[in-house]
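Peer 1: Quick one, structure for this:
(one chain, ligands or ions: 1)
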Amino acid sequence: MRGIVWFRRDLRLHDQPALTAASQECDEVIPLFVFDEPLLQSHEFGSACVNFMLGCLDELQASLAALGLTLQWRRGEPVEQIVQTATDWKADVVYWGRDYEPGAIERDRLAHQRLAKLGVAVRTFKDHVVFEASEVRGATGEPLQRYSAYRARWWTKWHATRPAVQPIPIDLAKKKATSLPVSSPLPTAEELGYSSIPLAIASGERNAQKRLRWFVEKPIHAYAQGRNLPAIDGSAKLSPHFRFGTLSLRMAIHAALNALRKSGRVSRPDVLTWVDELIWREFFQQVLVAFPHVAKGPFKAVTVPPSRAAGCERDQLFRTWCEGKTGYPIVDAGMRQLNQTGWMHNRVRMVVASFLIKDLRIDWQSGERYFMQHLIDADVAANNGNWQWCASTGTDAMQGYRIFNPALQGKKFDPDGAYIRRYVPELLGVPASKIHEPHLMSHDEQDRYGCHIGADYSAPVVDHQRARQEYLSLGKQESTR
Ligand SMILES: Cc1cc2nc3c(=O)[nH]c(=O)nc-3n(C[C@H](O)[C@H](O)[C@H](O)COP(=O)(O)OP(=O)(O)OC[C@H]3O[C@@H](n4cnc5c(N)ncnc54)[C@H](O)[C@@H]3O)c2cc1C
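Peer 2: This next block holds a predicted model:
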């Protein structure tokens with residue numbers, strides 16, 4: 001029997017259910033990746049994400065080659081490509097890991113239908129999450145709309161099932177398909193219509209495992225506090241690996257819980273806080289499956305202050321946010337980190353999102369889109385869920401009209417300004433006592449520290465206190481209508 005393994009969001013060999021099943025059931029296994037041309041052309045994702053994916057594919061190709069298998073690739077409309085390759089290569093069965101984005105569900109439904117018509121079997125597997133939406137439900141089988149309830153049931157399910165981790169199939173090397181064309185080199189980012197850029201997070205399965213080992217050895221034991229400090233390497237930086245499946249979630253959770261068992265230090269709250277973040281990830285995946293309308297609009301029809309009207313002023317303010325020139329150092333550092341590296345610290349993601357929505361009163365969907373186009377870990381479910389949380393329209397919406405004060409956030413989480421100085425060099429000479437509100441420096445201080453507000457560094461584009469009042473009173477007006 002000849003099987004195609006269609007690699008998608010599972011670009012690895014370890015604990016890869018589709019690959020494991022194919023190697024057990026088939027005499028010949030053909031690994032395949034399809035570059036989704038319409039998706040690439042839509043530029044829904046940016047160069048950071050595409051370069052990361054190419055790096056992962058490069059390594060996957062080499063790892064498979066070391067076992068004697070060739071990673072084949074195609075480029076085009078994915079359903080057409082998968083049907084065509086299954087026909088050309090006379091495959092009996094196609095294997096893939098399930099994807100939960102609305103567009104992907106439809107694509108897979110069509111592929112399944114077309115393959116079935118040709119008499120090609122399809123076998124699909126859970127991989128991108130530990131538990132699928134249907135596995136973690138409320139008492140009456142309803143999808144859960146609150147993270148706390150979801151988390152409690154997720155843990156019950158985990159303890160009841162303890163999902164196992166599969167090794168690389170041992171006999172994979174014997175499954176090479178004969179009479180296949182030699183695969184050409186993978187396309188470059190430029191050939192796909194993107195720019196080649198250096199990666200801030202090293203791609204590929206080996207790097208993912210190395211980072212996981214390091215993380216569960218050290219930073220995880222101080223995660224509850226460390227994760228909030230953008231100047232230090234206190235979080236896992238594994239999100240693009242989970243996005244592209246270069247790391248198995250099951251493996252990551254077992255590694256964290258094993259570290260807990262082995263550690264003599266009191267790190268239980270830290271380790272469990274980290275696993276809770278992975279449960280947030282799963283929660284947003286199940287929200288997207290159960291309530292697919294979130295991809296196009298608010299989860300709930302709540303009353304929130306109206307966004308600023310379209311026009312030059314709105315566009316100008318949006319541009320200052322995108323470019324990191326708002327005059328609010330923590331916001332500017334975050335946006336420049338995103339633009340330069342494709343990654344942004346989680347605490348700062350929350351601050352910049354709050355600033356866009358509440359201080360600048362720009363619709364959250366514009367921010368969501370910008371993040372998708374720039375993040376190395378761009379993921380529809382996590383991105384949408386978090387933007388809706390910040391906009392107070394989501395499942396666990398931010399309480400009331402909670403508005404982050406950017407200067408206070410900076411003082412609390414980047415007290416000496418090390419993170420700000422890394423991305424906003426105009427403020428290099430400004431001391432910690434002034435760096436969070438540089439516009440309050442006197443003329444003498446601006447001279448002394450070599451930073452003139454309005455010349456070297458932007459003056460604040462809005463006054464935070466005034467913007468806050470305006471947002472709150474617009475909210476009140478809306479709710480009394
Ligand atoms: C406005 C906004 C947009 C976001 N967009 C994305 C996105 O497109 N893709 C993405 O993966 N994450 C997104 N996040 C969530 C979070 O910022 C990143 O997952 C996290 O910063 C990744 O860094 P890490 O791997 O070091 O995380 P860690 O703190 O080490 O957490 C471990 C893992 O848990 C998951 N996780 C952590 N926090 C969250 C969260 N709040 N929601 C969902 N999953 C989480 C990630 O998979 C992460 O790798 C967004 C957050 C905000 C506030």
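Peer 1: ok, Q41 - contacts?
Peer 2: Q41 is in contact with G193, counting by Cβ atoms under 8 Å, 6 or more residues apart in numbering. Where C-beta positions appear, they are placed from N, C-alpha and C, glycine not excepted.
Peer 1: Which pLDDT value belongs to it?
Peer 2: pLDDT for Q41: 97.
Peer 1: can you tell me which helix or strand it belongs to?
Peer 2: Using DSSP states H and E, Q41 falls within helix 37-42.
Peer 1: next one: that helix to chain centre, how far?
Peer 2: Counting by Cα atoms, centre = their mean, to the nearest Å, helix 37-42 is centred 19 Å from the centre of its parent chain.
Peer 1: same deal with stretch 215-230?
Peer 2: Counting by Cα atoms, centre = their mean, stretch 215-230 comes out at 19 Å from the chain centroid.
Peer 1: can you tell me how far the most centrally placed residue in the chain sits from F45?
Peer 2: For the chain, the residue sitting closest to the mean C-alpha position, by Cα atoms, centre = their mean, is D377 at 3.5 Å. As judged by Cβ to Cβ, to the nearest Å, D377 and F45 stand 10 Å apart.
Peer 1: ok, then the element right after the helix holding Q41?
Peer 2: The first helix or strand that comes after helix 37-42 along the chain, using DSSP H and E, is helix 47-66.
Peer 1: Name every strand pairing with the helix or strand following that next one and say which way it goes.
Peer 2: Using DSSP H and E, the next helix or strand after helix 47-66 towards the C-terminus is strand 72-76. If you go by DSSP bridges, strand 72-76 pairs up with strand 28-36 (parallel).
Peer 1: can you pull the contacts of R466?
Peer 2: Contact analysis of R466 by Cβ under 8 Å, 6+ apart lists nothing.
Peer 1: Next: A202.
Peer 2: 55, 211.
Peer 1: And it, what's its pLDDT?
Peer 2: A202 is assigned 98 on the pLDDT scale.
Peer 1: Give me the distance between W158 and T341.
Peer 2: For W158, the distance to T341 - Cβ to Cβ - is 33 Å.
Peer 1: next one: P305
Peer 2: With distances taken as Cβ to Cβ, P305 is found 32 Å from T341.
Peer 1: repeat for D359
Peer 2: Counting by Cβ to Cβ, the gap from D359 to T341 is 24 Å.
Peer 1: likewise G204?
Peer 2: Relative to T341, G204 is positioned 18 Å away (Cβ to Cβ).
Peer 1: more neighbours, the two?
Peer 2: Each of G204 and T341 has its neighbours counted (other Cβ atoms under 10 Å); G204 has more, 23 against 18.
Peer 1: residues contacting that one?
Peer 2: So G204 contacts 55-56, 58-60, 246 (Cβ under 8 Å, 6+ apart).
Peer 1: now, the most widely separated pair of the residues you listed?
Peer 2: Among the contacts of G204, the pair separated by the greatest distance (Cβ to Cβ) is D58 and T246, at 11.5 Å.
Peer 1: that older thread, between the contacts of G204, which is closest to the ligand?
Peer 2: Within the contacts of G204, proximity to the ligand (Cβ to the nearest ligand atom) peaks at T246, which comes in at 11.9 Å.
Peer 1: one step back: any of the contacts of G204 buried? List them.
Peer 2: By neighbour count, with 16 or more other Cβ atoms under 10 Å, these hold 55-56, 59-60, 246 as buried.
Peer 1: would you list the residues you listed in JSON lines and tack on distance to the ligand?
Peer 2: Converted to JSON lines, the buried ones among the contacts of G204 look like this (distance: Cβ to the nearest ligand atom, whole Å):
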{"residue": "G55", "distance to the ligand": "17"}
{"residue": "C56", "distance to the ligand": "15"}
{"residue": "E59", "distance to the ligand": "19"}
{"residue": "L60", "distance to the ligand": "20"}
{"residue": "T246", "distance to the ligand": "12"}
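Peer 1: What's the separation between the spatially closest residue to P38 that is not a sequence neighbour and the ligand?
Peer 2: Distances taken as Cβ to Cβ, 6 or more residues apart in numbering put E77 closest to P38, at 6.3 Å, once the chain neighbours are dropped. The gap separating E77 from the ligand is 25 Å, by Cβ to the nearest ligand atom, to the nearest Å.
Peer 1: Verify the contact between E77 and F35 for me.
Peer 2: No. Using Cβ atoms under 8 Å, E77 is not in contact with F35; the gap is 10.5 Å.
Peer 1: more neighbours, these two?
Peer 2: Using other Cβ under 10 Å as the criterion, E77 and F35 rank with F35 on top: 20 against 16.
Peer 1: To what extent is the nearest residue to that one once chain neighbours are set aside buried, counted in neighbours?
Peer 2: Spatial nearest neighbour of F35, excluding adjacent residues (Cβ to Cβ, 6+ apart): R75 at 4.2 Å. When neighbours are counted by other Cβ under 10 Å, R75 registers 15.
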